[in-house]
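Trainee: Based on what follows, work out the 3D shape:
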Amino acid sequence: MRGTLIKERPSRSVERVVLEDGTDFHVKRALLWAHPLRRLAALFGRDAIAREARNLRILTARGVRAPAVAAV
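Mentor: Reported below is the predicted structural model:
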């Protein structure tokens, strides 16, 4: 699955992917090797990507229109 690269930093990247059925979504990747503390935080579920997914689920539950989280 390859998409159009939107943003790339040393620690993370964002790609826009369109599936064959026309579904359009963004894929965020965090590169945990970029910093040892990020690897440690990810072991305990405290990394930025997991926190963002949790916050989006909370917003959606409160009735705010927010992007749906497919996977973390």
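
Trainee: Quick check: next helix or strand after the worst-scoring helix or strand of the chain on mean pLDDT?
Mentor: Between all helices and strands in the chain, the lowest mean by mean pLDDT, DSSP states H and E belongs to helix 36-43, at a mean of 74. Following helix 36-43 in sequence order, the next helix or strand is helix 48-61 (DSSP states H and E).

Trainee: Which secondary structure elements does that next one sit against?
Mentor: If you count contacts as 3 or more C-beta pairs under 8 Å, 6 or more residues apart in numbering; DSSP states H and E, helix 48-61 packs onto strand 24-30. For glycine as for every other residue, the C-beta is placed from the backbone atoms N, C-alpha and C.

Trainee: what sits up against the strand it packs on?
Mentor: 1, 3, 6, 11-19, 38, 42, 47-49, 52, 67, 70 (C-beta atoms under 8 Å, 6 or more residues apart in numbering).
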